[in-house]
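Colleague: Have a look at this prediction, sequence included:
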Amino acid sequence: MKGEPIIVKQLLQKAKDSALLAIEYYNKPAVSFRSEGFIVMICIAWTSFFHAYFLKNKIKPWYRKKNGKKKPRFEIITEKLPNGQEIKDKKWWELEKCLNEFFKGNNNNPVYHNIKFLSCLRNLIVHRNLPELDATIYAECQACVINLNEYLKKYFGYKYYLDQFLSFSLQLFANPKNFLEFSSRELKNKNASEVVNFIKSFRSSLSTEIFESPQYSYKAVLIQVKNHESKDALALRFIHEKDLTEEQKEQLKNLGVVLIKEKTILKDDIPARFSLNYKQLRDNIKKHLPYLSYSKAEKLRKYFKYKFNRKNNPNIINEDELVYERIHNPKSKNKQSTYFYDPKILDKFKQFSPPITASNQSIVRQIEALVDKILSAKKQNPHADTSQWEQEIDRLVYELYGLSEKEVRIIENK
């Protein structure tokens, strides 16, 4: 996160703290409004995450005044304190606006619907005391936490992930009584009929694919088993649907449990020579190339991900592949990946951006400008043809180090 604006770091910390408070609310047995507390805090967490994402990507998450002027003017909110002091701040986008801006109308994304569900539910339950809502929306709450954790990793790195702070919670479900099965009289007394109708209506509006996605609703079941022979064994056990008898399957269905079938996990072994992760690469750059600024190093790293990665550049020969992309789940529509680097890539950083002197300043600037063009084109279209610019970069690198035509032919195997 070094190099990010301080406000982005503050918003990410707020998102992380709010998410952990939401989980703490839900897991506290003495709290009678755990779902309400969870939903309010997790909505704050998502809002802070979106604000951080927008600011990082040079998008201003504030409402603009409709004055028709080219230069943006933002709406200002004034808060008056008891001592008469006034505090003015821009009007930030609320969660619903953030959702629309982030997903850009992609209503097929289960994460969008999961956040939308809890956001709408927050507006309905804020003034109500509801009976046994916790068990009913548990799956959506669990999915929401997992989604936020994955998005923090994907867009801001592992520094802000939540895994390290979490553990399994103790649960007590004495009976399968469901919130939606309460008598109409009970619901009327609790002023909850509107919430019940909303939950039923929202879920019925979803496609089967979205509703069954673990990103919208994460369902699991904890089954009691006999103590394991090992005293150090984990006190939880996951079972496969194929290991249950037909009678057990029927019993679980009667409790409203959705059985998740076993899926094949594809292995993606990382070759030994790609020994540097992102943090280790950054540490090596700081150590061996202290003159190279963070922003320049990041530009080159992103460019090298295209130039020296076999998945993006199939024509590259094996010994020239310096970046390895490990895709976490190849079958997922939203593929997430982690990059690993061959230590030889440090030589490329030296070649493409040596210490700037009076004699090489012009060439280095030209290389940087071409890298910017390539990154911009790839951002708009990952499959954009940038070969002409890449060839020009290679020519400038050769010129930078004063290589003869014969030496260039040797390098390019011509």
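Modeller: Noted; the coordinates are in hand. Numbers count the residues shown, from 1 in each chain.

Colleague: Lowest-scoring secondary structure element of the chain by mean pLDDT?
Modeller: helix 184-189 (a mean of 52; mean pLDDT, DSSP states H and E).

Colleague: Tell me the helix or strand right after that one.
Modeller: As assigned by DSSP states H and E, the chain's next helix or strand after helix 184-189 is helix 193-205.

Colleague: Show the subsequent helix or strand relative to that next one.
Modeller: Of the helices and strands lying after helix 193-205 in sequence (DSSP H and E), the nearest is helix 208-211.

Colleague: From the rest of the structure, what touches that next one?
Modeller: For helix 208-211, the external contacting residues (Cβ atoms under 8 Å, 6 or more residues apart in numbering) are 108, 110, 113, 203, 216-217. Every C-beta, even on glycine, is put in place using the N, C-alpha and C of the backbone.

Colleague: buried subset of these?
Modeller: Among the contacts of helix 208-211, those buried by neighbour count (16 or more other Cβ atoms under 10 Å) are 110, 113, 216-217.

Colleague: I'd like those as JSON lines, with pLDDT and secondary structure appended.
Modeller: Rendered in JSON lines, the data for the buried ones among the contacts of helix 208-211 read as follows (pLDDT from 0 to 100; DSSP: H, G, I helix; E, B strand; the rest coil):
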{"residue": "110", "pLDDT": "91", "secondary structure": "helix"}
{"residue": "113", "pLDDT": "93", "secondary structure": "helix"}
{"residue": "216", "pLDDT": "87", "secondary structure": "coil"}
{"residue": "217", "pLDDT": "86", "secondary structure": "coil"}
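
Colleague: For those residues, work out which two are farthest apart.
Modeller: Put simply, by Cβ to Cβ the two of the buried ones among the contacts of helix 208-211 set farthest apart are 113 and 217, 9.3 Å from each other.

Colleague: Kindly state the domain boundaries assigned to the chain.
Modeller: Domains of the chain are assigned by automatic domain parsing as 6-219, 278-411.

Colleague: Using CSV, lay out the ones you listed together with distance to residue 244.
Modeller: Written out in CSV, the entries for the domains of the chain read as follows (distance: least, Cβ to Cβ, whole Å):
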stretch, distance to residue 244
domain 6-219, 15
domain 278-411, 25
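
Colleague: Least confident of those, on average?
Modeller: Out of these, the stretch the model trusts least by mean pLDDT is domain 6-219, with a mean of 79.

Colleague: and that one, how far apart are its ends?
Modeller: The stretch domain 6-219 measures 37 Å between its terminal residues, going by Cα to Cα, to the nearest Å.

Colleague: Return the distance of that domain from the chain's centre.
Modeller: Centroid separation between domain 6-219 and its chain, computed with Cα atoms, centre = their mean, to the nearest Å, is 15 Å.

Colleague: how far does stretch 98-107 stretch from start to finish?
Modeller: In stretch 98-107, first residue to last residue: 14 Å (Cα to Cα).

Colleague: Then stretch 270-288?
Modeller: Taking Cα to Cα, the first and last residues of stretch 270-288 lie 25 Å apart.

Colleague: quick one: what helix or strand has residue 36 in it?
Modeller: Secondary structure (DSSP H and E) places residue 36 in helix 34-56.

Colleague: ditto for residue 215
Modeller: With elements delineated by DSSP H and E, residue 215 resides in a region that no helix or strand encompasses.

Colleague: In TSV, list the buried ones among the contacts of helix 208-211 along with distance to residue 314.
Modeller: Output for the buried ones among the contacts of helix 208-211, formatted as TSV (distance: Cβ to Cβ, whole Å):
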residue	distance to residue 314
110	32
113	36
216	36
217	39
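
Colleague: with these in mind, which one is nearest to residue 278?
Modeller: residue 110 (27.8 Å).

Colleague: Quick check, that closest one in contact with residue 207.
Modeller: No. When contacts are counted by Cβ atoms under 8 Å, residue 110 is not listed as touching residue 207 (9.6 Å).

Colleague: circling back: sort out which residues of the helix holding residue 36 are buried, please.
Modeller: Across helix 34-56, burial judged by 16+ other Cβ under 10 Å covers 34-56.
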